[in-house]
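A.B. asks: Fold the following and give me the result.
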Amino acid sequence: MADRVVDTLVESIERIQPNQANNYENAHGGTIVRLMDELAAVAAMGVAGETCVTAHISSVDFHHPIPVGHAAELSAFVYDTGDTSVEVYVEVESQDPRTDGTRPTTSACFTLVAVDEDGAAVSVPRVEAVSEEGRRLLDRVSC
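C.D. replies: Residues are numbered from 1 along each chain as shown. Predicted structure coming up:
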């Protein structure tokens, strides 16, 4: 049986601190990519049932910065699988905790490979959009 796309959705939030910022007092791009990669792995492992390692990241699009003090709100979901690979879409929004307003900041597609304890690639179940909500998630994928 296939996993449902909607069931793979995971979310995370992290408030950006001064030690995560550049000279312009915005989150370092590398910090944001690290957070995205970690959440992509969580989503992928939920489908694979195995450790998943990043094999590829599509172009990372930085639309807007995330200022110090704002929260980085991340969401990730599996939108496709191969024999041993898991495709994960990750989006980030900046949220001002004082106003609750959000702004899209970053997005990318990650390809992860499921591996066993010896590091050998293992097969993964397929995913499909079996609900309207799942199809709406797939419509967000821009890779």
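A.B. asks: CA atoms for contacts and neighbours, from now on please.
C.D. replies: Noted.
A.B. asks: need the contact list for the closest residue to residue 95 other than its chain neighbours.
C.D. replies: Leaving aside its chain neighbours, residue 95 sits nearest to residue 102 (4.3 Å; criterion: Cα to Cα, 6 or more residues apart in numbering). By Cα atoms under 8 Å, 6 or more residues apart in numbering, the contact set of residue 102 is 93-96.
A.B. asks: Check which residues of stretch 81-97 are buried.
C.D. replies: By neighbour count on 16 or more other Cα atoms under 10 Å, the buried set for stretch 81-97 is 81, 84-96.
A.B. asks: start to end distance for stretch 62-75?
C.D. replies: One end of stretch 62-75 to the other measures 15 Å (Cα to Cα, to the nearest Å).
A.B. asks: what sits up against stretch 33-42?
C.D. replies: Contacts for stretch 33-42 (Cα under 8 Å, 6+ apart): 10-12, 52-54, 74-77, 88-92, 110, 112.
A.B. asks: Tell me the bridge partners for the spatially most central residue of the chain.
C.D. replies: The centroid of the chain falls nearest to residue 90 when counting by Cα atoms, centre = their mean (2.9 Å). For residue 90, the beta-bridge partners are residue 76, residue 108 (DSSP bridges).
A.B. asks: any idea how far it is from residue 32?
C.D. replies: Separation of residue 90 from residue 32 (Cα to Cα): 11 Å.
A.B. asks: can you count the residues close to residue 119?
C.D. replies: Per other Cα atoms under 10 Å, the neighbour tally for residue 119 reads 12.
A.B. asks: How is it assigned, secondary-structure-wise?
C.D. replies: On the three-state scheme (DSSP: H, G, I helix; E, B strand; the rest coil), residue 119 is labelled coil.
A.B. asks: What separation do you get for it and residue 51?
C.D. replies: 9 Å.
A.B. asks: The helix or strand residue 55 falls within pairs with which strands, and in what direction?
C.D. replies: Assigned by DSSP states H and E, residue 55 belongs to strand 51-57. According to DSSP bridges, strand 51-57 forms sheet pairs with strand 102-115 (antiparallel).
A.B. asks: before we move on, the earlier item: ok, which pair from the buried residues of stretch 81-97 is furthest apart?
C.D. replies: Spanning the widest gap among the buried residues of stretch 81-97 are 84 and 96, at 38.7 Å by Cα to Cα.
A.B. asks: Alright, I will stop here.
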